[in-house]
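**Student:** Could you work out the structure for the sequence below:
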Amino acid sequence: MINKIKLYALALILIIAGVIHLINPKAFLIAMPPYIPWHLEIIYLTGLIEIILAIGLILKKYRYRAAKVCALYFIAILPAHIHVALNGIEMFGVNDPIILWGRTLFQAVFIWWAWSLRRI
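**Tutor:** Take a look at the predicted model:
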């Protein structure tokens, strides 16, 4: 039961985040490190990836692969989180360094969470 809750909770988080990326991509532009090219395109792409990963997690046939890719995805977006925390960039009204670094460190929880869904 708890595993299903974890599964659907992460899928819901991914869908919400993906939709926000698609309908308000400019909100994420400030989080993009300057050394990464094509900021707007990457924001749209990550929104699509998040939605696809959520669907993959929900569909048992694709869950194992989606969970692995999801864990890798959370690792791949770490540079943006670190960029925000290092530079004290306000995101969605939050600029407290403790919260920004906490959000960055919380990525480890998302990585573990996604990885743990491989065998459900």
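
**Student:** Just give the nearest non-adjacent residue to L12, would you?
**Tutor:** Once flanking residues are discounted, L12 sits nearest to A54: 7.5 Å by C-beta to C-beta, 6 or more residues apart in numbering. Just so you know, the C-beta spots here come from the backbone N, C-alpha and C atoms, and that holds for glycine as well.

**Student:** Look at that neighbour and report its pLDDT.
**Tutor:** A54 is assigned 98 on the pLDDT scale.

**Student:** For P25, see how far away P97 is.
**Tutor:** P97 sits 25 Å away from P25, going by C-beta to C-beta, to the nearest Å.

**Student:** coming back round to it: give me the neighbour count for the residue nearest to L12.
**Tutor:** 23 (other C-beta atoms under 10 Å).

**Student:** mind listing what it touches?
**Tutor:** For A54, the contacting residues are 10-12, 14-15, 18, by C-beta atoms under 8 Å, 6 or more residues apart in numbering.

**Student:** related to what we said a few turns ago, between P97 and P25, which one's more packed in?
**Tutor:** Higher neighbour count among P97 and P25: P25, with 17 against 10, using other C-beta under 10 Å.

**Student:** mind checking which helix or strand the closest residue to that one other than its chain neighbours is in?
**Tutor:** Nearest residue to P25, sequence neighbours excluded (C-beta to C-beta, 6+ apart): I43, at 4.3 Å. Element membership for I43 (DSSP states H and E) is helix 39-58.

**Student:** Quick check: buried residues in that helix?
**Tutor:** The neighbour-count check on helix 39-58 (16 or more other C-beta atoms under 10 Å) flags 39, 42-43, 46-47, 49-54, 56-58 as buried.

**Student:** Then stretch 81-98?
**Tutor:** Under the neighbour-count criterion of 16+ other C-beta under 10 Å, stretch 81-98 has 81, 83-85, 91 buried.
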